[in-house]
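Colleague: Fold the following for me, if possible:
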Amino acid sequence: MNHSDDSAHAPVRKLPEAGQEPAKAQFVGSPARPASFWRQLYDSLAQTVDRRVGWDRLPSAAGLATLAGVRDILRRRNLHDTNVLPTVNPPQPQPYQPWVLTQRTADGSWNDLDYPAMGMAGSRFGRNVPLGDAVLEDERDILSPNPRTISRALMTRNELIPAPGGNALIATWLQFMLHDWVSHGKSPTDNPWVLPLDEDDDWPDRPLLVMRTPADPTRPDSSEKLPPTHVNVQTHWWDGSQIYGTSAAEQDFAREHSGGKLRLENGLPPYPKDPQQDPTRKPGFWLGLATMQTLFTLEHNAIAEHLGEHYPTWSDEELFQRARLINAALLAKIHTVEWTPAVISHPTTVTALHANWYGLAGQNLHNVFGRLSSNEVVSGIPGSETDHFGVPFSLTEEFVAVYRMHPLIPDTYDFRRASDNGQTLGKTEFDQLTGPAAINIMDKLPLLDILYTLGTMNAGLVTLHNFPRGLQTMRRPDNGHFIDLAATDILRNRELGVPRYTKFRRLLNLSVPATFDELTDNPTWAKEISDVYEGDIDRVDLTVGMFAETRPEGFAFSDTAFRIFILMASRRLNSDRFFTRHFNSNVYTPQGLAWIDENTMTRVLLRHCPELRTALRDSDNAFGLWHVTEAPAAGSSDSGS
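Modeller: Numbers count the residues shown, from 1 in each chain. All right, here's what the predicted structure looks like:
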C-alpha cells in the first residue's frame, strides 16, 4: 500500500526553539479559497435541486453530486469563529517541543503548528450560524414554553420505538464519542433555572432545578450584550481523550508506563479514588460508556504489543504515543465508515461516508494502490492536505445541539450469555446501570456478555415520544438530585443561543415549514406541537422540530441534523493534521497504517471477545443487529436469525 511518506519531522514553517513560548498571533492561515463562478453556479444548482426534489429522492450519483454542492455552501456560509469576540486570558499551550510534530499533546495544543491553541481543551466552541443570529432570548422567553411541559407532552416514551436494524451499540458508541469531543464542564450550583411544575406532575423533587451552563472564563465582564460564548473543557480534536485524558496528569494516571500500555485493574480501566475526579460519579456515566472505554483500552494495548514486536528497541513513551495515534484514527474510521452508515443507511449517504475516508476511488483501489490523488474527493480525506476553510477549527454549539440523541438509548436491558444458547440473566432498567452501579455490573458480568446483550437488542429511533424514561427522571450520582434530561436538552439549546427550528433551517439554507402540518407528516404530533407552542411555529425548539420531521429512508435521525453532519463530519478530519498531512507511515509507522486499514469494529470485537464469532457470523456492520445464539428447534435447520 502506497501511503504518502512526506516526512513529518521537517517542519514547513519556522517554529519556536524548544521550550520557547508559543506565538500569540491570531489565526491567519488557510484563508478560504474563493469559489469560481462555475463552482458557485454548480453549488446554486445543487441547492435548488435539493430544495425542490431532495437529495434522498435522487439516484445515488445525482444525490452525491447534490450533497457535494450542499457541503460547499455550508463550508462557505456556516463556519463562524467566536474568537473574534472580545477575549481575556485565553488558554495557553505549553511551550514548543519538537516531539509535538509527531505526536498528539494531552491537551490538544499544537495540532495546528501556526496556531497552537487551536482546538485545545479550554478553547471556545465555534458556531454554524452567524454570530449575530446566535442571540440569547431574555430569561422569560428562555423558559417559554416550559421545558418540563415539552418533556411530558412530546418526549415521554410509552414503549421503545426501535431504530430498524440498528443495535444498542449505536447508543453506547455515540456517548463514547461525545465524551471525546465535547463538554461544557461542571455547572455552578448558584442561580439555577427553576422550571414550573403542573399540579398533576409527579416530579420527585420540588422545585425542578436545572443548573446553568458554566460561564466562559475567557469572556470579559463587559460583554453581556454580545453573542453567547462557552468553552469546551475537552479537546476539540478526534484524539481519544475519553480514554487518554486531557491533561498530563490524567494521561499519567491512565498509563501503565511499561510497553506503551494503558493500565487495567481486574480487566477494567482504573478510576480515581477522589470523588471529585471519579467519572463514575458524574452525570452521563453508565454501563455502555464503561464498556466502550474498556474495549478500546484493550485495543490500545493490543496495538502497543503489535508495535513492540516490530520495534523491540522502542521506549515505553514511543510505543504509547504511536499506539494512541493509531487507536484514535481507528476510532475515527469506525465512526465514519461503520457507525454513521448504520444510523443513516440511505444508499447515497453510505457511499458518501465511505468516500470521506477512501474517496470515490473506493476501498478496493485504496487497499491495492493507496492514494491515487491528493484530491479528497478521489482518494478520501486521510492523507490529503489540511484545510480549515478559512476559519480556525473548533466544534460548535450547533454540533452539540444536533448530537443530543438520547432516544437512541433503550430503557430495559435483558442481559444474556453469549454462550449457553443466549441464556437470559435477567432484565435491568437503565437507571440501575448508571453511575458507580455500572462498575458493579462490569465486575459481575464478563465484557463478552455485556457486548452480546447490547449487540442483540435494538437502539431507539430519534423521534418524538421516544425519550428514555430513565433519563426523564434520573438521579444524579454526584448529589442524589433528580434531573429531567429531556427538559434539560431543550433548555440548553436556548441557553446557548442555538436558534429555534425554523430559524435554524433557514440559516442552514433549507426550506422552512409554514404550518405544523408541513413540519411533520404525523397529524397527531402536529396538533400536540401546536398546542404546546400555542400555534406559533417559529417558537418550536430545534430538538422538537428535528424529532418530529419526516426522515429520509434509512435514517435514525433527521435530515436537519444531517446538514451539520455534512459539514462537521468532514471538517473534523480536514482540519486535523494527524488525519491529513501527517497521516503517513513516518508518523504512524507502516504497521500502524496497516492496522487502521485492516481493522473494523467487528475485528476489534472478535480480537478481544472471540466467542462473539457465532453472533457476528453474517454481520457486515457490527452496529447492525447480531444473531441471537438460541438452540434450534428440534427438526429445524439453521437458516439464520
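Colleague: Which stretches in the stretch 451-600 of the chain count as strands?
Modeller: Along the stretch 451-600 of the chain, the stretches classed as strands by DSSP state E, counting those that start in this stretch are 458-460, 474-475, 482-483.
Colleague: scratch that, the stretch 201-350 of the chain is what I was asking about
Modeller: Using DSSP E, counting those that start in this stretch, strands in the stretch 201-350 of the chain cover 208-210, 231-232.
Colleague: just so I know, which of those lies nearest residue 151?
Modeller: strand 208-210 (9.9 Å; CB to CB). Bear in mind the C-beta positions are built from the backbone N, C-alpha and C, glycine included.
Colleague: Can you list the helices and strands that the closest one packs against?
Modeller: Applying 3 or more CB pairs under 8 Å, 6 or more residues apart in numbering; DSSP states H and E, we find strand 208-210 packed against strand 193-195, helix 485-495.
Colleague: which residues touch that strand?
Modeller: With contact meaning CB atoms under 8 Å, 6 or more residues apart in numbering, strand 208-210 is reached by 147-148, 192-195, 197, 481, 483-484, 487-488, 491.
Colleague: Just want the phi and psi numbers for residue 70.
Modeller: Dihedral pair for residue 70: phi -60, psi -40, per degrees, to the nearest 10.
Colleague: for residue 427, that is, sorry about that
Modeller: Phi and psi for residue 427, reported as degrees, to the nearest 10, are phi -90, psi 140.
Colleague: Tell me who's in contact with residue 375.
Modeller: Per CB under 8 Å, 6+ apart, neighbours of residue 375: 359, 384.
Colleague: The one 3 residues further on too?
Modeller: Residues touching residue 378, when contacts are defined by CB under 8 Å, 6+ apart, comprise 359-361, 372.
Colleague: quick one: stretch 527-538 to chain centroid distance?
Modeller: 31 Å (CA atoms, centre = their mean, to the nearest Å).
Colleague: surely residue 108 meets residue 119?
Modeller: Yes - using CB atoms under 8 Å, residue 108 is in contact with residue 119, at 5.3 Å.
Colleague: Show me whatever sits in contact with both of the two.
Modeller: With CB under 8 Å, 6+ apart, residue 108 and residue 119 have common neighbours 235-237.
Colleague: what's the closest of the residues you listed to residue 142?
Modeller: Out of the shared contacts of residue 108 and residue 119, the member with the shortest distance to residue 142 (by CB to CB) is residue 236, at 26.4 Å.
Colleague: neighbours of the closest one, just the number please.
Modeller: 29 (other CB atoms under 10 Å).
Colleague: picking up where we left off before, which of the strands of the stretch 201-350 of the chain comes out lowest on mean pLDDT?
Modeller: Across these, strand 208-210 has the smallest mean pLDDT, namely a mean of 95.
Colleague: For the stretch 451-600 of the chain, which segments are assigned as helices?
Modeller: 469-472, 485-495, 501-507, 516-519, 523-532, 542-548, 559-574, 585-588, 590-598 (DSSP state H, counting those that start in this stretch).
Colleague: Kindly apply the preceding question to the stretch 1-150 of the chain instead.
Modeller: Counting by DSSP H, counting those that start in this stretch, the helices of the stretch 1-150 of the chain are 37-52, 60-77, 139-142, 147-150.
Colleague: Next, the buried residues of the first one.
Modeller: Spelled out, that is helix 37-52. 42-43, 46-47, 49-50 (16 or more other CB atoms under 10 Å).
Colleague: What is that helix packed up against?
Modeller: helix 60-77.
Colleague: Run through the neighbouring helices and strands of the least confident helix or strand in the chain by mean pLDDT.
Modeller: Using mean pLDDT, DSSP states H and E, helix 362-369 stands out as the lowest-scoring helix or strand of the chain, at a mean of 73. Helices and strands touching helix 362-369, by 3+ CB pairs under 8 Å, 6+ apart, are helix 347-358.
Colleague: show me the contacts for residue 398.
Modeller: 127-129, 498, 504, 564.
Colleague: For residue 305, see how far away the closest residue to residue 257 other than its chain neighbours is.
Modeller: In space, and not counting its chain neighbours, residue 257 is closest to residue 316: 5.9 Å by CB to CB, 6 or more residues apart in numbering. Here residue 316 is placed at a distance of 13 Å from residue 305 (CB to CB, to the nearest Å).
Colleague: Out of the contacts of residue 378, the closest to residue 515 would be?
Modeller: Using CB to CB, these come closest to residue 515 at residue 360, 39.8 Å.
Colleague: Just give me the neighbour total for that closest one.
Modeller: Residues lying near residue 360 (other CB under 10 Å) number 18.
Colleague: Quick check: it touching residue 376?
Modeller: No - with contact defined as CB under 8 Å, residue 360 does not count as touching residue 376 (9.8 Å).
Colleague: check contacts around residue 569.
Modeller: For residue 569, counting by CB under 8 Å, 6+ apart, the contacting residues are 336, 340, 353, 356.
Colleague: now the second one: how far from residue 75?
Modeller: As defined by CB to CB, residue 340 lies at a distance of 19 Å from residue 75.
Colleague: JSON lines please, covering the shared contacts of residue 108 and residue 119 and showing distance to residue 366 and pLDDT.
Modeller: Conversion of the shared contacts of residue 108 and residue 119 to JSON lines gives the following (distance: CB to CB, whole Å; pLDDT from 0 to 100):
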{"residue": "235", "distance to residue 366": "28", "pLDDT": "98"}
{"residue": "236", "distance to residue 366": "27", "pLDDT": "98"}
{"residue": "237", "distance to residue 366": "24", "pLDDT": "98"}
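Colleague: how about these in TSV, adding distance to residue 386?
Modeller: Shown next, in TSV, are those (distance: CB to CB, whole Å):
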residue	distance to residue 386
235	17
236	15
237	12
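Colleague: and which of those residues is nearest to residue 15?
Modeller: residue 237 (19.3 Å).
Colleague: what's around that closest one, how many residues?
Modeller: Neighbour count of residue 237, defined by other CB under 10 Å: 30.
Colleague: That one against residue 576, yeah?
Modeller: Yes - here residue 237 lies in contact with residue 576, judged by CB under 8 Å, at a distance of 5.7 Å.
Colleague: Mutual contacts of the two, please.
Modeller: With CB under 8 Å, 6+ apart as the test, residue 237 and residue 576 both reach residue 111.
Colleague: about what we covered before: kindly reformat the buried residues of helix 37-52 as TSV containing pLDDT.
Modeller: Converted to TSV, the buried residues of helix 37-52 look like this (pLDDT from 0 to 100):
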residue	pLDDT
42	94
43	94
46	95
47	95
49	96
50	95
